[in-house]
Structure formats: C-alpha cells, structure tokens
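[1] Generate coordinates for the sequence data below:
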Amino acid sequence: MITAGRVSINGDVVTTLGTRADLARDEIKVDDRRVTGTERRRYLLVNKPAGYVTTRNDPQGRRTVLDLLPRVREYVYPVGRLDYESEGLLLVTNDGELAASLTHPRHRVERVYEAVVTGVPGATKMRKLETGVVLDGRRTAPAEVRMLGGHKSGRDDHARIRVVLREGRNRQVRRMFEAIGHPVERLRRTQLGPISIRGLQRGKARELTQDEVHALKRAISSPPRRPETKSPKS
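    Sure thing, here's the model as predicted:
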C-alpha cells in the first residue's frame, strides 16, 4: 500500500517503507480514509517541580515529566512546555487534536503564571508588560499583569507578579521580565484555560475529570476574552 502511494501522513503521500508516524499526533489515511485507533484517551494534570524537562526523552539523561507518571502505559506527551527551572501546571495527554488546539495561537487559551522577580517594577514597566515588549523583532500580545506583593530581604528587593498570557513563545515570561530589567527568580504556572493546579501537590499528577475535559474543549471553541486594559498600580 505504501509503495503504491495509497498511504498519506498529514496530507502528504508517503512511498518510503519504514516511514514512522504517531497515530495520536498525525493524520494517517489509506485510500483517503482516516485510520483511527482504539487507545484510551488520557488527560493528566501534573504539578511539575523544577529540575524536570518537559519532553518524553532527554539525551542528557535528566528526569522528564513522564517520570512523574509511572503507571501510565499509553503513549502520552506534554502539551506545550515548561522550561527546566520552571514549576507548575502541565497537561499530559494522547489526544493529539486537543493538544494541537490548546497550543495553537488562534485559540488564545489563557496561561496564568506567578513570577518572583528581582526588584519591584513600577507602573511604567508594568504597563509595558501589558501592552507588549519586543522579542525577536516581534511585539508580544497584550497581557494582564498584577502585583501580588513585594518585599525586601536584606539588601535585595523582590516582587511577586501574576501574569496572564494568551500566546506561548519560548521562555516568554522570563524574557519579558528580562526585557524590562527585572529577571525572574522563580516561575510557576498555575492555570491553563479553566484548569488550575490548586490542591495538587508539587510532583504529583491526577486524571482530569470529564467536566474538566469538557471545559477545556469549550475554552477552545469559545471566542477569546479580551485582556483588561486597566493600568496597574506601582
């Protein structure tokens, strides 16, 4: 069937024997009919600690988020990324369609973070975060930022800031704060769309409920909420 050109992957006809594809991620068709699997759909919420990589395998031998899921036999994978030093909410699934929708910028699914940064940004810098900073020659989308608290420890000032993004560039929160001169010391993602890690211990995982899965799908299909434009207080 392959050498006869009857098989396609993601719309492209493949004729090379041994071509690999993932039924959970890829659209595989034979004679223009989609091949479907019977594998159980898994939706797992993980509270990632620092010191884990967000991937299935790591060439450097570091611990991966899948090490936090010892009893999952299905071929699951992380939705999006949290960098090695970052903590918090991570969704792991084998539902390729949902994963693609959650990470596609068109849907603008909210990602909520809490960042502890060096120094205490004033109103002007907070407003700059809201309206967008230029990263790699392109301005970030409007965001919501709110000061959760600031304190002094010895000679150092720190601030804890809540950030709501609707796009997911590489290390975006860290780079945004670096752009305004307040590097991130600790970063934790607390929410993805309607799903929160409240009540889930660090390093633990649990299955999403059916209601939570339905809520995620509704968040994808609903029009995105416009970010608030109110100026933050210093």
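[2] which residues of this structure fall in helices?
    96-103, 123-131, 172-179, 210-221 (DSSP state H).
[3] quick one: the last one to helix 96-103, angle?
    Right, the one you point to is helix 210-221. Counting by axes from the mean of the first three to the mean of the last three CA atoms, to 10 degrees, helix 210-221 lies at 60 degrees to helix 96-103.
[4] Now mean pLDDT, mean neighbour count and distance to K204 too, for the helices of the chain, in JSON lines please.
    Every C-beta, even on glycine, is put in place using the N, C-alpha and C of the backbone. Shown next, in JSON lines, are the helices of the chain (pLDDT from 0 to 100; neighbours: other CB atoms under 10 Å; distance: least, CB to CB, whole Å):
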{"stretch": "helix 96-103", "mean pLDDT": "90", "mean neighbour count": "17", "distance to K204": "21"}
{"stretch": "helix 123-131", "mean pLDDT": "96", "mean neighbour count": "17", "distance to K204": "31"}
{"stretch": "helix 172-179", "mean pLDDT": "97", "mean neighbour count": "20", "distance to K204": "23"}
{"stretch": "helix 210-221", "mean pLDDT": "92", "mean neighbour count": "14", "distance to K204": "16"}
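[5] how about the ones you listed in CSV, adding distance to D67?
    CSV is the format used below for the helices of the chain (distance: least, CB to CB, whole Å):
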stretch, distance to D67
helix 96-103, 20
helix 123-131, 34
helix 172-179, 24
helix 210-221, 23
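[6] These: which one's closest to K48?
    K48 sits nearest to helix 172-179 of all these, at 14.7 Å, using CB to CB.
[7] Outline the domain layout of the chain.
    Following automatic domain parsing, the chain resolves into domains at 1-38, 43-105+194-221, 111-192.
[8] I'd like the distance from the shortest one to the chain centre, please.
    Meaning domain 1-38. The chain centroid and the centroid of domain 1-38 are separated by 28 Å under CA atoms, centre = their mean, to the nearest Å.
[9] begin at 743 from here
    Let's use 743 as the start, then, which means that last one is domain 743-780.
[10] For that domain, give the mean pLDDT please.
    For domain 743-780, mean pLDDT is 85.
[11] Which residue, neighbours along the chain excluded, lies closest to Y826?
    Excluding the flanking residues, the one nearest Y826 by CB to CB, 6 or more residues apart in numbering is V795, at 5.6 Å.
[12] Would you mind giving me the confidence score for that neighbour?
    pLDDT, V795: 96.
[13] doesn't T806 make contact with it?
    Yes - between V795 and T806 a contact is recorded at 5.2 Å, counting by CB atoms under 8 Å.
[14] Mind checking which of the two has more residues around it?
    Between V795 and T806, counted using other CB atoms under 10 Å, V795 has the larger neighbour count: 21 against 16.
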